[in-house]
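In: Sequence first, predicted coordinates after that:
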There are 2 protein chains.
Amino acid sequence: MSDLNNRRLEIDALRAIWAIRHHGGITRAAEALGLSQSAVSHKIKRLETSLGCELLNRRAGATAFTTAGEELLDYAGRILGLHDEALLSLSKTALAGRIALGLTEDTTCSALAHILGRFRRLHPDVTVRTQVRMSLVLRAMLEQGELDAAIVQVFAHEVRPTDVILFRETLHWVKHPSLILPNGASVPFLSFHDDCFYRHWALDIGQDGGIMLETVFECASAAGIVAAVSSGMGVALLNERHLRPDMQIINDHFPVPPDLVYVVRRGRKVRNAALDTLVAEIESEISRYGGLALAS
Amino acid sequence: MSDLNNRRLEIDALRAIWAIRHHGGITRAAEALGLSQSAVSHKIKRLETSLGCELLNRRAGATAFTTAGEELLDYAGRILGLHDEALLSLSKTALAGRIALGLTEDTTCSALAHILGRFRRLHPDVTVRTQVRMSLVLRAMLEQGELDAAIVQVFAHEVRPTDVILFRETLHWVKHPSLILPNGASVPFLSFHDDCFYRHWALDIGQDGGIMLETVFECASAAGIVAAVSSGMGVALLNERHLRPDMQIINDHFPVPPDLVYVVRRGRKVRNAALDTLVAEIESEISRYGGLALAS
DNA sequence: ATGCCGTCATCGAAATTTGTCATGTGCCTG
DNA sequence: CAGGCACATGACAAATTTCGATGACGGCAT
């Protein structure tokens, strides 16, 4: 441990351990930060020697934080929050107006909440009205001019040049191992709510893929679908982040599901300086961390 | 301005602008930080170009902060506060016990308050009882074992090896220009309260220096003395930080006042781990900023 | 067991950042 | 108007940071 007074926590190092936490591993974090793996490894090493304690329990595959690591992580989050807000605050211009924003339920508990809160603080003269709906509904509202922008899920091939990509998700057909699919018979399907837009894709493949789906379960929340899959009630289309160890990914016979993308999509209105700024802040957050942290 | 995402506020740079504020100028700040003047100048320059805005209105003599500078300063204070607390938190050991601490009124509104607050947060099992008295009283309480430690003012030549020096102060004889001192006659003296320990020094010089002081005004607070001097009521002994532009420093005929030092002085009790830590934190804060920031 | 794969540590070289010294500039004061 | 003070600037040296390559280690499947 170097002299008590000369020690300091580099902002970059804090961002590194934050990224390690949220991407689960040094290699992934390095990728997200746009650095080499060795650079991040070194950064943490330096941090550790300067603090005189271990931060990570290194192990290939599963990098875990020590108690000290978790503690630092907490401070890192707060310091980075202030730091980023300071940066924004210094480059801000006085904004006023109102923004009508749409979100999906999934994204409400992501870093977006922080971005929105901070935006409020930095631009008190901008009114942000937020509505939470499903992607299909939000897209319709955008079309009709009811929203200025929305965070929606779309198929990867539907992304428009003006969309801001938040992160990608892979969709999988899953089932519980105990569920055996009989050949030829119709497949029990665990479905999201009517308005879930990739449910439509799933039901359409009945025509093309030679697979007959029969909806045996409907639920608006992912938690419900997850439970139904685990209990062996049928097959479902689930995001990678909803997969559980006891689930089995189906690769054969089923058509490969399209990739999904979360995007910020703007409405038709042309000029809105406040919205420009908000979107820019979201973009900046993404490029800094290589994607948004999303609770799974 | 570099790319929005790659910008970052170095902790050291933040500490630099903080030091500039609290020492009034780059040169002084550099000294306090243990760096060269050009290093600090460079640091700020880099900070400015990375932010794309001016932080300081440079001028010889009076370095003023711009609006952006003031804004950053606010964030800097908060970020540094968190940063330093994180650092301490990671090197802390579980402490318990109680500390009886004495302070002078002057030091209550300095950075000490922050240090004490932080100490409370980091070591909730340590009870800190603080009493505010004048230096002479505190020294007596230390002797009698009523305090574990105290922040007191002493003459520079009285500093003990075990004292921790917080900062030095120069004492001056001052008067208002309108006050003419007649030769031979007794000098009207504006005095602190009975217990002010350098009042004793002032009155004693009647014997040695051939100067006869006559106390015409007594007041416990510096503000009262300052007002009395400004109104031309007499001469007084004042700290540098209490000097006002309309005051005149008296150099001739009066004996040179001894320098003063604020120190942390510990009581007689030998072992107290909690106190050790608190004193270490104070020392660390001092060496980091080259002295304590004290409201004048 | 054995070999493969993914993850991380470590090393030397290259690139970047940071600090120092020496010097230049502008401003205030006597 | 000279001298001093406070800050800026440029060149160079030192330290730090990054990268690419390589090696070590553990998990996993054969």
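Out: Yep, it's here. Please read these numbers as outputs of a predicted model, since none were measured by experiment. Residues are numbered from 1 along each chain as shown, chains lettered A, B, ... in the order given.
In: going forward, measure contacts and count neighbours with C-alpha atoms only.
Out: Will do.
In: And for residue A:285, the neighbour number?
Out: Using other Cα atoms under 10 Å in any protein chain shown, residue A:285 has 20 other residues around it.
In: That one looks like it's in a helix, true?
Out: Yes - judged by DSSP: H, G, I helix; E, B strand; the rest coil, residue A:285 forms part of a helix.
In: And the pLDDT for it?
Out: Looking at residue A:285, its pLDDT stands at 82.
In: if I look at it, how far off is residue A:164?
Out: Going from residue A:285 to residue A:164 by Cα to Cα, to the nearest Å gives 12 Å.
In: is the longest helix seen in chain A anywhere near chain B?
Out: If you go by DSSP state H, chain A has its longest helix at helix A:67-91. Yes - judged by Cα under 8 Å from any Cα of the partner chain, helix A:67-91 comes into contact with chain B at A:68, A:71, A:72, A:75, A:78, A:79, A:82, A:83, A:86, A:87, A:90, A:91.
In: Turn the residues you listed into CSV, including distance to DNA strand D.
Out: Below are the residues of helix A:67-91 next to chain B laid out as CSV (distance: Cα to the nearest atom of the strand, whole Å):
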residue, distance to DNA strand D
A:68, 21
A:71, 21
A:72, 18
A:75, 19
A:78, 21
A:79, 18
A:82, 21
A:83, 17
A:86, 21
A:87, 19
A:90, 19
A:91, 21
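In: Quick check on those residues: which are buried?
Out: A:68, A:72, A:75, A:79, A:82, A:83, A:86, A:87, A:90 (16 or more other Cα atoms under 10 Å in any protein chain shown).
In: Just give the closest residue to the second one, not the sequence neighbours.
Out: Just to be clear, that refers to residue A:72. Among residues not flanking residue A:72 along the chain, residue B:86 sits closest, at 6.7 Å (Cα to Cα, 6 or more residues apart in numbering or on different chains).
In: and chain A, what are its domains?
Out: Chain A resolves into domains spanning A:11-89, A:93-168+A:261-289, A:171-258 when parsed by automatic domain parsing.
In: ranges for the helices of chain A?
Out: A:11-23, A:26-33, A:37-51, A:67-91, A:105-108, A:111-122, A:135-143, A:197-208, A:222-230, A:273-289.
In: Spit out the contact partners of residue A:172.
Out: Neighbour list for residue A:172: A:237, A:238, A:239, A:240, A:249, A:250, A:256, A:257 [criterion: Cα atoms under 8 Å, 6 or more residues apart in numbering or on different chains].
In: nope, residue A:76 is what I meant
Out: A:14, A:15, A:18.
In: check contacts around the nearest residue to residue A:266 once chain neighbours are set aside.
Out: Leaving aside its chain neighbours, residue A:266 sits nearest to residue A:149 (4.1 Å; criterion: Cα to Cα, 6+ apart). Taking Cα under 8 Å, 6+ apart, we find residue A:149 in contact with A:100, A:101, A:102, A:142, A:264, A:265, A:266, A:267, A:275.
In: quick one: low-confidence ranges for the stretch 151-296 of chain A?
Out: Filtered on pLDDT under 70, the stretch 151-296 of chain A yields the residue ranges A:194-195, A:205-210, A:270, A:290-296.
In: where's the residue in it that DNA strand D sits nearest to relative to DNA strand C, distance?
Out: With Cα to the nearest atom of the strand as the measure, residue A:245 is the residue of the stretch 151-296 of chain A nearest to DNA strand D, at 11.4 Å. From residue A:245 across to DNA strand C, the span is 17 Å (Cα to the nearest atom of the strand, to the nearest Å).
In: tally of neighbours for that residue?
Out: For residue A:245, the count of nearby residues is 8 (other Cα under 10 Å).
In: Mark which of the contacts of residue A:172 are buried, thanks.
Out: A:237, A:238, A:239, A:249, A:250, A:257.
In: Would you mind checking which of those residues is nearest to residue B:47?
Out: residue A:239 (43.0 Å; Cα to Cα).
In: Quick check: the closest one touching residue A:174?
Out: No - contact criterion Cα atoms under 8 Å: residue A:239 and residue A:174 do not qualify, at 9.7 Å.
In: thinking again about what came up before, what's the farthest-apart pair in the buried ones among the residues of helix A:67-91 next to chain B?
Out: Pairwise distances across these peak at 32.6 Å for A:68 and A:90 (criterion: Cα to Cα).
In: what's near enough to touch residue A:228?
Out: Counting by Cα under 8 Å, 6+ apart, residue A:228 touches A:190, A:217, A:234.
In: In strands, which of those fall?
Out: A:190, A:217 (DSSP state E).
In: JSON lines for the contacts of residue A:228, including neighbour count and distance to chain B?
Out: Listed next are the contacts of residue A:228 as JSON lines, based on neighbours: other Cα atoms under 10 Å in any protein chain shown; distance: Cα to the nearest Cα, whole Å:
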{"residue": "A:190", "neighbour count": "26", "distance to chain B": "42"}
{"residue": "A:217", "neighbour count": "17", "distance to chain B": "45"}
{"residue": "A:234", "neighbour count": "25", "distance to chain B": "45"}
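In: can the contacts of residue A:228 go into JSON lines with extra columns for distance to DNA strand D?
Out: Supplementary listing: the contacts of residue A:228 in JSON lines, determined by distance: Cα to the nearest atom of the strand, whole Å:
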{"residue": "A:190", "distance to DNA strand D": "27"}
{"residue": "A:217", "distance to DNA strand D": "31"}
{"residue": "A:234", "distance to DNA strand D": "24"}
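In: quick check, nearest of the contacts of residue A:228 to residue B:155?
Out: Minimum distance to residue B:155 across the contacts of residue A:228 is 83.0 Å, recorded for residue A:190 (Cα to Cα).
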